[in-house]
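> Here you go, sequence then predicted model.
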Amino acid sequence: MSFANGSGSAHAPAVLVASGNDEFRQLIQQALAHVDQVPQEARGGAEALLKLEENSFQTLVLDRQLPDLDVDELVQMLAGEHPNLQVILLDSQVVQPIATESSPAGLQDILRVLQPDRQDDTSPGFDEEVVEDPRPADLLSGVIGRSEHLAEVCSLVRLVAKRRSTVLLTGESGTGKEVIARALHQESSRAHQPMIVVNCAAIPESLLESELFGYARGAFTGAAQSRLGRIHAAHGGTLFLDEIGDLPLSMQAKLLRFLQEGEVQRLGSSDSFRVDVRVIAATNADLLQQVERGNFRRDLYYRLAVFPIELAPLRDRPSDIQPLSEYFLAQLCSEGGLPAKYISPVAMALLESYAWPGNVRELQHVMERAFIFSQSSRELLPKHFPGVLKSQPSVPEL
């Protein structure tokens, strides 16, 4: 078995794409269509093994986020059973491939591996200038930017990832707390176990206990059968409690008990279950201020803030704006099957001078609007950013 390194046969090889992510498989399908490849698909590692036994493939595009098998164990198995198989490892969560010494650094490299003589660099979504991975070597998978602050955050994540310590992520809304939580999960020894996300602000208080802890049959009207809660679903993995500052006081006591004892008691049942879960919490609120106001339990705060990590707003890390903008634009081009676009220097200066009250989430939405406004133009100009332009009247529209 070999890993893709930019070399390959001049003849188009048979390709198998293995991933549980439908959008990811479609993206690879679109990429290979430009080199006249029609890959077969597998929705997991087990299905990929079955198809490799039934058919002859020269290349396997393998998603690191498989729903059923451990990727590293699968790669070792393939090395023994299919020594001539070429494997390209990617990460569907960030779309970009995982850049290592033995695997390619961008989707464009898949095209080079499968058709090394290809000279056309204008195929949709694969312009070198746009889709090259903007992450420095010290950043984590899925984290885009080049600021010192982001590098420091990633260092803290690596420092705590292998421990079971509870982590509290703080920062304004839209700064990327869930991205950091997922990176922390991927860096931990629990990476191949589930990560369950619970938005504490999105679930009605009346349903929150049954959602988190589960319920027994007959616990309430309509409970026709027992159900495990989300905490139990995260057994062996990570529980991400987003917007923890909105957790009702009645639930704070129950969550504290779980954090102290590691046991879950379902609604309507006297039985307790031990659950092995690593907890990551996130909030855009000042929890200490909430504690002083009596809206948040002090003992729960200290249980959650064992290892706090604060994410700075985008306005305080302007060096992240360009790589993030280009990353979002590259995604939009790939998803739309359109030629790669780029941002003009004047438009980029406009983006970098904007305050971004909505942080990274606002930037993503602004890039999507600009992408739509640009229509067939390959260059995004200031006029394609009307909301940002309005805040900077001195900037020319063209």
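It's in.

> least trustworthy helix or strand in the protein by mean pLDDT?
helix 128-131 (a mean of 35; mean pLDDT, DSSP states H and E).

> Provide the contact partners of the very next helix or strand once past it at residue level.
Next along the chain after helix 128-131, taking DSSP states H and E as the criterion, comes helix 148-161. For helix 148-161, the external contacting residues (Cβ atoms under 8 Å, 6 or more residues apart in numbering) are 136, 138-140, 143, 167, 180, 183-184, 187-188, 307, 309, 311-312, 316-317, 320. (Glycine included, C-beta is placed from N, CA and C.)

> which residues are in contact with the next helix or strand after helix 148-161?
Downstream of helix 148-161, the first helix or strand assigned by DSSP H and E is strand 167-170. Residues outside strand 167-170 that contact it (Cβ under 8 Å, 6+ apart) are 160, 177, 180-181, 184, 244, 279-284, 287, 304-311.

> Inside helices: which ones of those residues?
Val160, Lys177, Ile180, Ala181, Leu184, Leu287, Leu304 (DSSP state H).

> out of those residues, which is most surrounded?
Within the ones in helices among the contacts of strand 167-170, Leu184 tops the neighbour count with 27 neighbours, counted by other Cβ atoms under 10 Å.

> tell me the contacts of the closest residue to Arg190 other than its chain neighbours?
Closest residue to Arg190 apart from its sequence neighbours, by Cβ to Cβ, 6 or more residues apart in numbering: Gly237 at 4.9 Å. The neighbours of Gly237, taking Cβ under 8 Å, 6+ apart as the test, are His185, Arg190, Gln193, Pro194, Met195, Ile196, Val277, Arg278.

> repeat that with 10 Å
His185, Ser188, Arg190, Ala191, His192, Gln193, Pro194, Met195, Ile196, Asp276, Val277, Arg278 (Cβ atoms under 10 Å, 6 or more residues apart in numbering).

> Check Met251 too.
Cys200, Ile203, Glu205, Leu208, Glu209, Leu212, Phe213, Leu300.

> of these, buried ones?
Cys200, Ile203, Leu208, Glu209, Leu212, Phe213, Leu300 (16 or more other Cβ atoms under 10 Å).

> With secondary structure, pLDDT and distance to Lys254 as extra columns, can I get the residues you listed in JSON lines?
Formatted as JSON lines, the buried ones among the contacts of Met251 follow (DSSP: H, G, I helix; E, B strand; the rest coil; pLDDT from 0 to 100; distance: Cβ to Cβ, whole Å):
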{"residue": "Cys200", "secondary structure": "coil", "pLDDT": "92", "distance to Lys254": "12"}
{"residue": "Ile203", "secondary structure": "coil", "pLDDT": "89", "distance to Lys254": "14"}
{"residue": "Leu208", "secondary structure": "helix", "pLDDT": "85", "distance to Lys254": "9"}
{"residue": "Glu209", "secondary structure": "helix", "pLDDT": "83", "distance to Lys254": "7"}
{"residue": "Leu212", "secondary structure": "helix", "pLDDT": "87", "distance to Lys254": "8"}
{"residue": "Phe213", "secondary structure": "helix", "pLDDT": "85", "distance to Lys254": "7"}
{"residue": "Leu300", "secondary structure": "helix", "pLDDT": "95", "distance to Lys254": "10"}
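
> Sounds good, over and out.
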